[in-house]
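[1] I would like the atomic coordinates for the input below:
(one chain, ligands or ions: 1)
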Amino acid sequence: MTVTVRLLWFSLVVSLSAMPVSCVRTYEGQNSAPQPVSVSMRNSVGMVFVQIPPGEGVLGSSADEPHRGITSWSGDGDEFELPRKTEVSKAFWLGVTEVTNEQFRRFRHKHRTQLRPAFSGAKEELTFMVDGRSARALIAAGYSLDAADQPVACITWDDAVAFCKWLSELPEERLAGRTYRLPTEQEWEYACRGVSTGRFFWGEAAEYSWMYANVADASGLAFWQLSRFAFSGDDGHVVAASVGSYRPNAYGLHDMIGNVHEFCGDDFVGYSVQNPGARLYLPGDERPAVAVRGGSWASGIGIARCAARVPLDRVTSRHDVGFRVVVEIQDLNAPR
Ligand SMILES: [Ca+2]
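    Below you'll find the model as predicted:
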């Protein structure tokens, strides 16, 4: 697997091609977005959650979706993005935003989220949207990722899990019967899509991304080495934005697409015909890979889609990967 694990992806992007038109109940244009219907809750450290209702949904992408399977080893879209029905039987609570630097620093006081001039194990020819040269230029221009309300990044999956454990053990949270964990991929994509079965939670039109998502677009054209792959709009942010800066999806969730990639909690599973359900192992960690979802400020159209899945090992940190959390609330009145 050493050849294939020279991952293709992340902000790997390919040229924008023809737009499909198969999408239901979207809100691409302005003034037509459904009002969030979720119930919200704030925890003892100020994190806000919404209740995602149970229901049936569709995961993965249709065969005609541009860029589908862009991260897969074989180039077969079904391998990573097999379209499949899903059912969420019970409501769950998901963070309205990504975890911020301020929130994470309550757990790890000295943490800093910083632009990195090179990615661990990456080679510039692997067509990262933000390669080493771009990152050095962003640093020289004074861009920062470390403000209190920017999403935390430069953390590993293990760090994110440790944050959840720390949060679950706070006295106020224990008293309230709340425990925290990373979302599964099923939960993440179900929540991201809301009412959409298309490429993005707002529909199919990439040109509306500037309203809903902080992605690699015109704002960063001076820095992107691969500008032809970027979104065409201008969302006003070159690097990570303050969480919640863009319009939410149908459940009231912000930044499900863009800003930072988000860690999911479960093992990364492939859907190849030959070996369905196969877990993926990456160099550097003996455990199966996990998925990061949603794309980031450095992602072009191929990665910043509802269905796009990027495998990552659990010990690598990147300046464009963060997380949001699920809270499970115990019914303290229930018989034990
Ligand atoms: Ca942007």
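[2] And Phe104, which helix or strand is it part of?
    In this assignment (DSSP states H and E), Phe104 forms part of helix 101-107.
[3] Buried residues of that helix, list them for me.
    By 16 or more other CB atoms under 10 Å, the buried positions in helix 101-107 come out as 101, 103-105, 107. Where you see a C-beta, it was placed from the backbone N, CA and C, and this is true even at glycine.
[4] Only the C-alpha atoms, please, for it, written as CSV.
    Extracted C-alpha coordinates of helix 101-107, given in CSV (Å, rounded to 0.1, in the frame of the first residue of the first chain):
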residue,chain,number,x,y,z
ASN,A,101,-9.0,27.6,20.0
GLU,A,102,-10.4,29.2,23.1
GLN,A,103,-12.4,26.1,24.0
PHE,A,104,-9.5,23.8,23.3
ARG,A,105,-7.1,25.9,25.4
ARG,A,106,-9.3,25.3,28.4
PHE,A,107,-8.1,21.8,28.1
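[5] Out of the buried residues of helix 101-107, which comes closest to Trp210?
    Asn101 (24.0 Å; CB to CB).
[6] Neighbours of Arg136, how many?
    For Arg136, the count of nearby residues is 16 (other CB atoms under 10 Å).
[7] Excluding chain neighbours, what is closest to it?
    Nearest residue to Arg136, sequence neighbours excluded (CB to CB, 6 or more residues apart in numbering): Pro117, at 4.7 Å.
[8] I'd say that neighbour and Ile139 touch.
    Yes. Using CB atoms under 8 Å, Pro117 is in contact with Ile139, at 6.5 Å.
[9] Okay, buried residues for the helix-or-strand element of the chain with minimal mean pLDDT please.
    Every helix and strand of the chain was ranked by mean pLDDT, DSSP states H and E. The lowest is helix 132-140, at a mean of 83. For helix 132-140, the neighbour count (16+ other CB under 10 Å) marks 132, 134-138 as buried.
[10] Stretch 69-79 too?
    Residues 69-73, 76-79 are the ones in stretch 69-79 that count as buried (16+ other CB under 10 Å).
[11] ditto for stretch 294-306
    294-306.
[12] tell me which of the residues you listed is nearest to Val58?
    For the buried residues of stretch 294-306, the nearest to Val58 is Cys306 (9.8 Å; CB to CB).
[13] For the closest residue to Gly69 other than its chain neighbours, list the residues it contacts.
    With sequence-adjacent residues excluded and distances taken as CB to CB, 6+ apart, Gly69 is closest to Gly77, at 3.2 Å. For Gly77, the contacting residues are 61, 63, 65, 68-69, by CB atoms under 8 Å, 6 or more residues apart in numbering.
[14] Show me which of those are buried.
    Buried among the contacts of Gly77 (16+ other CB under 10 Å): 61, 65, 68-69.
[15] With pLDDT and distance to the ion as added columns, please give those residues in TSV.
    Formatted as TSV, the entries for the buried ones among the contacts of Gly77 read as follows, by pLDDT from 0 to 100; distance: CB to the ion, whole Å:
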residue	pLDDT	distance to the ion
Ser61	96	23
Glu65	94	22
Arg68	91	23
Gly69	85	24
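[16] okay, those in CSV with distance to Leu312 and secondary structure next?
    As requested, the buried ones among the contacts of Gly77 are exported to CSV (distance: CB to CB, whole Å; DSSP: H, G, I helix; E, B strand; the rest coil):
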residue, distance to Leu312, secondary structure
Ser61, 20, coil
Glu65, 22, coil
Arg68, 19, coil
Gly69, 17, coil
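[17] tally of neighbours for Glu169?
    Residues within reach of Glu169, counting by other CB under 10 Å, total 11.
[18] Quick check: residues of the stretch 201-336 of the chain near the ion?
    214, 219, 235, 237 (CB under 5 Å from the ion).
[19] Out of these, which is nearest to Gly244?
    Closest approach between those and Gly244, by CB to CB: Asn214, at 10.8 Å.
[20] correct me, but that closest one touches His237?
    Yes. The criterion here is CB under 8 Å, and Asn214 meets it with His237 at 4.8 Å.
[21] Could you list the low-pLDDT ranges of the stretch 201-336 of the chain?
    225-228, 335-336 (pLDDT under 70).
[22] is it true that Ile329 touches Ser168?
    No. In this structure, Ile329 is not within contact of Ser168 by CB under 8 Å, at 11.5 Å.
[23] isn't there a strand covering Lys85?
    Yes. Using DSSP: H, G, I helix; E, B strand; the rest coil, the assignment for Lys85 is a strand.
[24] Just give the closest residue to it, not the sequence neighbours.
    The shortest distance from Lys85 to any non-neighbouring residue, by CB to CB, 6+ apart, is to Val58 (6.0 Å).
[25] which parts of the host helix or strand of that neighbour are buried?
    Per DSSP H and E, Val58 falls inside strand 55-59. Judged by neighbour count using 16+ other CB under 10 Å, the buried positions of strand 55-59 are 57-59.
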